[in-house]
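> Following is a predicted model, sequence given first.
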Amino acid sequence: MFKLVTFRRFTAVLGGVVAAVLVAVVVFFVIYAWPAIRLNGWHFFTSNTWNLGNLYANPIERNGRMILPGAHYGILFLIAGTLLSTLIAVVLAVPIGAMAAVFLAECVPSQLRTAVSFFVELLAAIPSVVFGLWGYVVVIPFLGHHVYPWMTAHLGFLPFLSGAPGSGYGLLTAGLVLALMIVPLITATVRDALVSQYRGLRDAALALGATRFETLWTVQLPATRRVLVGSGILATGRALGETMAVLMISGNALNYLPRNIYSPISTMASFIVSQLDSALQDPTGLAVRSLGEVALALLLIAVVVNGAARLLLYYQDRTTGTTS
Amino acid sequence: MAAASASTFVPPRQRRRLRRRLTDGLGWTVSTVAFLLLGAATISIFWAIAARGAHALHLAIFTQVTQGTAGGLLNAIEGTLLLAVGGLLLAIPPGMAAGIFLAEFGASRFAPVLRFMSDVLVGLPSIVVGYFVYIVAVVDLGWGFSALAGAIALAIISLPYITRTSEMAFRQVPADMRDAARALGATDGHVILRICLPIAASSVLTGVLLALAISVGETAPLLYTAGWSNYTWNGHLTHEPVGYLTYAIWAFITEPFQSAHALAYAAALLVSAFVLVISIASRMLMAASRRHSR
Amino acid sequence: MPDLDFRAAVTRARPAAQPAAEPAEAVATREVNFYYGSRQVLFDITLTAPEREILALIGPSGCGKSTFLRTLNRMNDTIPNTRLTGVVRVEGEDIYAPGADPIALRRRVGLIFQRSNPFPFSIRDNVAYGLKVNGLAKRKADRDAAVERSLQLAGLWDEVKDRLDTPAHALSGGQQQRLCIARALAIEPRILLMDEPASALDPIATSRIEELALELKTRYTIIIVTHNLQQAARISDRTAFFLSGRLVETAPTQQLFTNPGRKETEDYLTGRFG
């Protein structure tokens, strides 16, 4: 009996490291970014200027903190870039991912399904930086030289599609590549949900005179709604935190709000990479702590988004819709 | 015939039937096109990397270290393996322990909390992890850019994957095996390590391979923890930066030199090929263990 | 002797040759063979179901009775690698003829499943599903009327009329099965196929389904698969006994149960196997 308790406690304590890491990261960033949170206030999210101030001047005092003259930390443009690129990615990835899942679940015979699905799931295995490289050498020249000029010329009457097409770096490119990065998550989850669905649902609709696609569209897909939403939220979380690919293809705009879908942008995650070096130059340390505040904001978004998605998916596992 | 019973609301049958058929065909076409689009993107990515990387790949890549933006990638290959294996060594004990706890003691009140936290950890942006380790280990602990700091960052990222696959692996073990061993008086520790672990091992290995693939492909968490080095590793865990392949991809592709581009493509090919091989291997392993358990 | 029987069935399968006085045949099959891949599961099934009667299909599990039932509304079409030979006529129409539309067929031939399978929608939307998907009763008033009528036919109206918009999954097992019957009735089929509709239900819910079948018989032709011999005896007019994918014999229920024509039937009924 004594031994039983120790082994259990042993795995609980050692395994507890997993939970402790998450808590530690969150707590760390709250404490680390606290001086910046105090200094920046709500302006951090509503103003559009990220300025380290004069690095060669003597620090001055503001709100009881020493800061560089002219320093101001506002990340509205990062929030815009992050949310808009994620929005484009999710709007593209959810329908395409779900329809590809339909193809895999309904049109591919079960013996071939694993092999054919691998084509899509391989996208999930490709490292972010390789997506970035592909975007940089293949997608950007193609879109920048051929597609975007055509779009401004012929679709310019639509809002956000007019204006300078740019060189290919920017919001739409980032959104497209992000969509490819998150789509396998949606496809795999929805495909599994469709395959494991209770067949009686499908048969009932067919027996009532529905065609195969009507059955799918009106019964089978709605029955996976929770899974679809859950995986969509998970995918949103991934797109929000994606770093390297966005860094390489977004144009890394600074203090610039996108005017159209070709505009260069920055996202919170990619901004941390591109600005950490220069933020470290600030002798008062507030620049790097403000960057820590960016990380904290990103972190909290990720925790909320992923938490919500998981709770939704746990609930799905316990209720109807899937049988194993 | 049927019209007699449903006489009040019979639409023009033929037109309606045709429309339903067209909708059906359109629906399946859309789903096929969606799949083909994704398949085409996959092929385009691998083709872009393979074609360019094959040109850049020669023996010197494997035998020489990087000199500026030329030379080989020996230092980066070595560093990538060092960091990935180091990260795994750090992540496997707690990750597996958490997985075992969730599978074997799932009734505990701590279990849902742990599972939830682990699942949320998966969604943590990797750059946030890198930033965390940078401030704590590189700056505050004074380790500098180092193999240990990089490995810790990768370990944090790998943890939830290992936890999840371990939990599933131990859940797959049939309950009657456990009961049989317990009936013979075996303790929990004995049951889990001697009876369950051998059965679950191949599934656990799948998770470890997955974590390895992720570690090899990561960049963001390493930029500010492992740094970059042109030299092979000198055996120091701290105070010694290490190079790694993904850095070469990111840093060298934007350099204006042919030699730098070649290194970036070669690195991309190596990383992609490695990830591809691991993905296929882990899938085959998974299929084999599934057949085995049936 | 069996040869004669066979020929009689063939002639009866032709609606054109059918004297008006005799009871019409809702379903008639001729030499139906069915294969899963290379495995044959039905052998030369020739069987007729008269209009507005209940035909029970009995036999040990795995004898092919459910598979046979599903050939009658072409539900087996949805399983890959299956093949059917022979002729199945529903109200005189060859349903496997080239160009025959399985969708239109299934609207005429409803199917009730062994395990109740309401959609994850509200009660109302479950019943209205067949109407919507087939473009029937487009006006809301018509649809509501059809929902009410179907639920009343299925004997469920009084139990659910105040909560039509609650999820169907909140109903009890027996209620769910009657909801599935209402759902099938809403599109006004002519024939109802029931695949062990009460096998998952308790005795009280079972007897409600049986009563319902007897009531529905006045309007619909019912073919019911059951493993419950008492059930077949209680409700059916004719009974067909299947064994190992073959139709052993079919006769008026009374006669088959009291005086079976074949030794296998007698063995099965007296519990010597199966």
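Sure thing, it's come through. Here the structure is a predicted model, which means the values were calculated and not measured. Residues are numbered from 1 along each chain as shown, chains lettered A, B, ... in the order given.
> secondary structure class for the most centrally placed residue in chain C?
Geometric centre of chain C, nearest residue: C:Leu193, 1.4 Å, by C-alpha atoms, centre = their mean. Three-state call for C:Leu193 (DSSP: H, G, I helix; E, B strand; the rest coil): strand.
> element containing the closest residue to chain B within the stretch 151-274 of chain C, please.
Residue of the stretch 151-274 of chain C nearest chain B, by C-beta to the nearest C-beta: C:Glu188 (4.7 Å). Any C-beta I mention is one placed from the backbone N, CA and C, and that applies to glycine too. According to DSSP states H and E, C:Glu188 maps onto no helix or strand at all.
> From C:Lys132, how far off is it?
14 Å (C-beta to C-beta, to the nearest Å).
> Then A:Val91?
A:Val91 is 28 Å from C:Lys132, where distance means C-beta to C-beta.
> Could you do A:Gly170 as well?
To C:Lys132, A:Gly170 is 44 Å away according to C-beta to C-beta.
> More neighbours: which of these two?
Under the criterion of other C-beta atoms under 10 Å in any protein chain shown, the comparison of A:Gly170 against C:Lys132 puts A:Gly170 first, with 27 against 18.
> Residues of the stretch 101-250 of chain A that sit close to chain C?
Contact residues, the stretch 101-250 of chain A versus chain C (C-beta under 8 Å from any C-beta of the partner chain): A:109, A:198, A:200-212, A:214, A:218-219, A:222-223.
> Return the subset of those lying in helices.
Judged by DSSP state H, helices contain the following of those: A:Gly200, A:Leu201, A:Arg202, A:Asp203, A:Ala204, A:Ala205, A:Leu206, A:Ala207, A:Arg212, A:Glu214, A:Pro222, A:Ala223.
> ok, and which of those residues reach chain B?
Checking these against chain B (C-beta under 8 Å from any C-beta), the matches are A:Arg212, A:Glu214.
> quick one: which of the ones in helices among the residues of the stretch 101-250 of chain A next to chain C is most hemmed in?
Among those, the one with the most neighbours (other C-beta under 10 Å) is A:Ala207, at 29 neighbours.
> quick one: contacts for the closest residue to that one other than its chain neighbours?
Sequence neighbours aside, C:Leu111 is the residue nearest to A:Ala207 in space, at 3.9 Å (criterion: C-beta to C-beta, 6 or more residues apart in numbering or on different chains). By C-beta atoms under 8 Å, 6 or more residues apart in numbering or on different chains, the contact list for C:Leu111 reads A:Asp203, A:Ala207, C:Leu69, C:Arg70, C:Asn73, C:Met75, C:Ala184, C:Leu192, C:Leu193, C:Met194, C:Asp195.
> How many residues are close by the last one?
Spelled out, that is C:Asp195. Neighbour tally, C:Asp195, other C-beta under 10 Å: 21.
> Could you do the fifth one as well?
Residues near C:Asn73, counting by other C-beta under 10 Å, number 26.
> Grab the nearest non-local neighbour of it.
C:Val109 (4.0 Å).
> What of the fourth one?
Residue nearest to C:Arg70 in three dimensions, not counting chain neighbours: C:Asn76, with 4.9 Å by C-beta to C-beta, 6+ apart.
> Was I right to think that neighbour contacts C:Arg83?
No: when contacts are counted by C-beta atoms under 8 Å, C:Asn76 is not listed as touching C:Arg83 (9.4 Å).
> which one is C:Gly174 nearest to, not counting chain neighbours?
Here the residue nearest C:Gly174, using C-beta to C-beta, 6+ apart, is C:Ala205, at 2.8 Å.
> what about that neighbour, which SS state?
Once three-state DSSP is applied, C:Ala205 turns out helix.
> Figure out the helix or strand that C:Leu47 lives in.
Secondary structure (DSSP H and E) places C:Leu47 in strand C:39-50.
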